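Participant: how would this look folded up:
(3 chains)
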Amino acid sequence: MKHYLSINDIDNLSEWVAEARALKRVPKKHLSLGTEKTICLLFFNNSLRTRLSTQKAAMNLGMDVMVMNFGSEGWALEYGDGTIMDQGTSEHIKEAAQVVSQFCDIVAIRAFAKLEDKTKDEAEEVLNGFAKYTSIPIVNMESSTAHPLQALADAITLEENNSQNKPKVVLSWAPHPKALPHAVGNSFVKMMQLQDADFVITHPKGYELNPEITKGCKIEHDQEKALENADFVYVKNWSSYTDYGKVLVQDSNWMMTAQKLGNAKFMHCLPVRRNVVVEDAVLDGNQSLVIEQANNRTFSAQIVLKKILENL
Amino acid sequence: MKHYLSINDIDNLSEWVAEARALKRVPKKHLSLGTEKTICLLFFNNSLRTRLSTQKAAMNLGMDVMVMNFGSEGWALEYGDGTIMDQGTSEHIKEAAQVVSQFCDIVAIRAFAKLEDKTKDEAEEVLNGFAKYTSIPIVNMESSTAHPLQALADAITLEENNSQNKPKVVLSWAPHPKALPHAVGNSFVKMMQLQDADFVITHPKGYELNPEITKGCKIEHDQEKALENADFVYVKNWSSYTDYGKVLVQDSNWMMTAQKLGNAKFMHCLPVRRNVVVEDAVLDGNQSLVIEQANNRTFSAQIVLKKILENL
Amino acid sequence: MKHYLSINDIDNLSEWVAEARALKRVPKKHLSLGTEKTICLLFFNNSLRTRLSTQKAAMNLGMDVMVMNFGSEGWALEYGDGTIMDQGTSEHIKEAAQVVSQFCDIVAIRAFAKLEDKTKDEAEEVLNGFAKYTSIPIVNMESSTAHPLQALADAITLEENNSQNKPKVVLSWAPHPKALPHAVGNSFVKMMQLQDADFVITHPKGYELNPEITKGCKIEHDQEKALENADFVYVKNWSSYTDYGKVLVQDSNWMMTAQKLGNAKFMHCLPVRRNVVVEDAVLDGNQSLVIEQANNRTFSAQIVLKKILENL
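Facilitator: Down below sits the predicted model:
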């Protein structure tokens, strides 16, 4: 593996999960692996968990860390080929990517979907721009279409909490006042496709994720039916993919409740809007895994960085 | 001591001051104490001295430091119980606090009073939210009602510059164009109550600090009388506590001058507005201790972190 | 050398360049030189290259680094003597400078020209304020009138790519939609005056740089003539100095093209607006040195910090 751009970059998920869990037991075991190596974390969007957990993971491996809020601290980037740059952008991704890569050994990037133009979002111009114009490894800290560090943390959390041979895992859409990207949903689906599980996606009609990603997945529009006998319920809002970036309904009937959850474990990537996406009783109950999911972000980042460092 | 939330968390002020002064002489003496330990500094407000001195103190103890401007870099936090979060806030303190505490060993927080609602400010929802929902130690880097790192630095500065058995120390209100919080005043008062000093508070009527905090303190509304034979004069503006958060008067007669100061030493926590709070002649004269107070911020933070680390 | 404020602080340019190239070969050779030393990087303006390369340089020398966006994270500074500070500024440079210098061993500062008032910009109130009120070394990370870390990186780049006894180096003005400072141009000129080169400055009439800086330099208003037989062409926009801070013309005939460039090497400090300042063909061709110039920023910062650390 050179880059960690998507779940596709994992060669053996169960091995990675096992290694991550070993790191979790002794986080500082490989403190010399990253000595004299530098990671640069570039944020084009806000971040809490990703910001702190990726720093922590890098420090657990002995790396130096530089954090930069690219949007507010750097220059507005241009991505177009051949653009006459006489407007708002003052630096081209071609230069920015090459330059940044000279100051560090690994670059990690967060650049959300803007949800205005599907083609543009799917082009992943920030992430792919860096991957195209640099020679160093790139780590995806959530791009327009993928959040593979989150999905890897989710895989660790599933493994830690699973007692079934073939658990039933449901990904359930939830209402939200704002239009949100598909990245978390996409990467969770891709990760689940690597698992031996009974996996079901449920959402109102019109909220279908990218069909190329969900190909082969069970999709059930009746949430109640989907949740029957679930072992894990992963709840997440996303905006429409077909009617790109639109909020079609905010039907509060889709909110997750303790009653709907039954005996299943509850998962969410956070941040979560209480009593909109999920009711308090779920988050405050002992079936919620959300805090442990966040904790596992450190170890998903750490296993990714470890594998990259071992290849440098 | 687990947390350092207020002056009340100091078990023996004179011992702490003595230890801090020892650290000041050899700042890197305990460089291995914080090895492999991480502190996260969360800023909900601007900061110069606190930002740099707390980082420096942590580095002097060998800690890794993560700095985050929570307001601009993270998510808007919700504090209410049972809130339906369909408005501006996207993450609840319950999750944020639990999550952050998984990525570090100590969390330090700055969250100023908003001065709009006394009850809300006094609830200290940020600081107390973190203290309630995390298991790790919390350090107060100035909250709505307290700034105990500043007051501890002030105690160090007093001790360094005192030549009296029982010095006369005056806390004098000063005019300011904006409404400012009571935190610095409150913590200075609480710290002075632990000292063997002749302590007097002076301010125009209507600017009484929280009477529960000043209970037992001499309060003199005649500034001239209050300043008579003072050894140390601590100047600070605050808005009205009774008429909460209001600027009642900006009477420039209350500005500190070299003439009023007499032979006393001048103290202020900084930043200070020259020729509004205090005239140039005082700050530029050799009775001013303000630069040394700021310097002592490193060692007040360092003694606090040292004591927390020793208990981890 | 105490401070590194301008090219004038270089005692022997060719020696510095040679030392910097040695550092480039073994960047971590002096990893113990900065141990237990702290540098504080203060940004009053945006930055990409300077932010990351100066951090990297300091880490290559084993220093601890604190980065602060002074404008957004600190307090608005006052520079005037005797000002009654009852308006927008809340801290005076006198206090800020003294205080910051207590928390670190070296302070590096970026504070651009505002281009509103020549006298004010030339007073360099931020940089000179820090130099005046602190006792620690100051490094200029681009001030109103100078960018000596860039010019030193340019000197390294010239030396690496030069095969002539006395190369012809042309500094050519280029069009730009916004009014830009003179700092890069000024420092490049001053650096070139220390070189054994045939140096020519070319720009439209009205774009003369400060004549005290260009004194003795060849100035040729005919760009074509200036570029004849050039070995290196350094392109940069700046606003008018005479009609201070104004954009007089944006004549696209002054854009650098592959045809104009001929066999010369192309240089620019970045960020650069493609197809406004220079056409794609130049930046994407193999005569462009811009990426290597940016790379050399690490080593220009590192040689400066190394010399300062050796004198501490």
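Participant: which residues of the stretch 51-200 of chain A lie near chain C?
Facilitator: Applying C-beta under 8 Å from any C-beta of the partner chain, one finds that the stretch 51-200 of chain A approaches chain C through A:64, A:66, A:68, A:70, A:72-75, A:78, A:82-87, A:89-92, A:94-96, A:98-100, A:102-104. Where C-beta positions appear, they are placed from N, C-alpha and C, glycine not excepted.
Participant: roughly how far is stretch A:40-58 from the heart of the chain?
Facilitator: 12 Å (C-alpha atoms, centre = their mean, to the nearest Å).
Participant: would you work out how far apart the start and end of that stretch are?
Facilitator: One end of stretch A:40-58 to the other measures 10 Å (C-alpha to C-alpha, to the nearest Å).
Participant: now do that stretch, average pLDDT.
Facilitator: The average pLDDT within stretch A:40-58 is 98.
Participant: does chain B have contacts with it?
Facilitator: Yes. Applying C-beta under 8 Å from any C-beta, one finds stretch A:40-58 touching chain B at A:43, A:46-49, A:51-53, A:55-56.
Participant: take the residues of the stretch 51-200 of chain A next to chain C and keep only those in strands.
Facilitator: Applying DSSP state E to these, the entries found in strands are A:64, A:66, A:68, A:78, A:91-92.
Participant: so which of the residues you listed is the most crowded?
Facilitator: Highest neighbour count within those: A:His92, with 27 neighbours (other C-beta atoms under 10 Å in any protein chain shown).
Participant: how near is whatever residue of the stretch 201-312 of chain A ends up closest to chain C to C:Val26?
Facilitator: Of all residues in the stretch 201-312 of chain A, the one sitting closest to chain C is A:Leu312 (14.9 Å; C-beta to the nearest C-beta). Applying C-beta to C-beta, to the nearest Å, the value for A:Leu312 to C:Val26 is 18 Å.
Participant: more neighbours, these two?
Facilitator: Shown here are A:Leu312 and C:Val26; by other C-beta under 10 Å, A:Leu312 has more neighbours (12 against 9).
Participant: and the closest residue in space to that one that isn't next to it in sequence, what's its pLDDT?
Facilitator: Spatial nearest neighbour of A:Leu312, chain neighbours left out: A:Asp105 (6.3 Å); criterion: C-beta to C-beta, 6 or more residues apart in numbering or on different chains. At A:Asp105, the predicted lDDT confidence score is 98.
Participant: okay, now A:Asp105: neighbour count?
Facilitator: The number of residues packed near A:Asp105 is 18, by other C-beta under 10 Å.
Participant: now swap in A:Arg273 and tell me
Facilitator: Using other C-beta under 10 Å, A:Arg273 has 24 neighbouring residues.
Participant: wait, A:Leu194 touches A:Ile7, no?
Facilitator: Yes. Here A:Leu194 reaches A:Ile7: they are 7.2 Å apart, a contact under C-beta atoms under 8 Å.
Participant: the two: who's more crowded?
Facilitator: Counted by other C-beta under 10 Å, A:Leu194 and A:Ile7 do not tie: A:Ile7 has more neighbours, with 24 against 15.
Participant: so what's the residue lying closest to that one once chain neighbours are set aside up against?
Facilitator: Sequence neighbours aside, A:Lys190 is the residue nearest to A:Ile7 in space, at 4.1 Å (criterion: C-beta to C-beta, 6+ apart). Contacts of A:Lys190 were listed using C-beta atoms under 8 Å, 6 or more residues apart in numbering or on different chains, and they are A:6-8, A:146, A:148, A:151, A:213.
Participant: same thing with A:Gly285?
Facilitator: A:Gly285 is in contact with A:258, A:266, counting by C-beta under 8 Å, 6+ apart.
Participant: what comes up buried for stretch A:176-194?
Facilitator: A:176, A:179-193 (16 or more other C-beta atoms under 10 Å in any protein chain shown).
Participant: which pair in these spans the largest distance?
Facilitator: Greatest spacing in the buried residues of stretch A:176-194, by C-beta to C-beta: A:Ala179 and A:Gln193 (25.8 Å).
Participant: distance check, A:Ser90 against C:Lys178.
Facilitator: Between A:Ser90 and C:Lys178 the distance is 8 Å, computed by C-beta to C-beta.
Participant: all strands for the stretch 101-250 of chain A, in order.
Facilitator: Assigned by DSSP state E, counting those that start in this stretch, the strands in the stretch 101-250 of chain A fall at A:106-110, A:138-140, A:168-173, A:198-202, A:218-219, A:232-236.
Participant: what is the third one packed up against?
Facilitator: Going back to what we said before, that points to strand A:168-173. Contacts defined by 3 or more C-beta pairs under 8 Å, 6 or more residues apart in numbering or on different chains; DSSP states H and E place strand A:168-173 against helix A:183-192, strand A:198-202, helix A:223-227, strand A:232-236.
Participant: measure A:Ile308 to chain B for me?
Facilitator: To chain B, A:Ile308 is 20 Å away according to C-beta to the nearest C-beta, to the nearest Å.
Participant: could you find the closest non-adjacent residue to that residue?
Facilitator: A:Pro137 (4.7 Å).
Participant: ok, A:Leu248 next?
Facilitator: A:Gly206 (4.7 Å).
Participant: can you list the domain ranges for chain A.
Facilitator: The record's domain parsing of chain A by the TED database lists A:3-147+A:297-310, A:148-293.
Participant: let me see the mean pLDDT of the shortest one.
Facilitator: The one in question is domain A:148-293. Domain A:148-293 carries an average pLDDT of 97.
Participant: any idea how far apart the tips of that domain sit?
Facilitator: 13 Å.
Participant: and the helices in the stretch 51-200 of chain A, which stretches?
Facilitator: Ranges of helices in the stretch 51-200 of chain A, per DSSP state H, counting those that start in this stretch, are A:70-73, A:93-102, A:118-123, A:125-133, A:148-161, A:183-192.
Participant: got a list of contacts for the third one?
Facilitator: The reference is to helix A:118-123. Contacts for helix A:118-123 (C-beta under 8 Å, 6+ apart): A:113-115, A:144-145, A:181, A:241, A:244-245.
Participant: what do you get if the cut-off is 7 Å, keeping everything else the same?
Facilitator: Residues outside helix A:118-123 that contact it (C-beta atoms under 7 Å, 6 or more residues apart in numbering or on different chains) are A:113-115, A:144-145, A:244.
Participant: of the residues you listed, buried ones?
Facilitator: Buried among those (16+ other C-beta under 10 Å): A:113, A:115, A:144-145, A:244.
Participant: now those residues as CSV including distance to B:His221?
Facilitator: Listed next are those as CSV, based on distance: C-beta to C-beta, whole Å:
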residue, distance to B:His221
A:Ala113, 61
A:Leu115, 60
A:Ser144, 63
A:Thr145, 66
A:Tyr244, 66
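Participant: before I go, just wanted to say thanks for your time.
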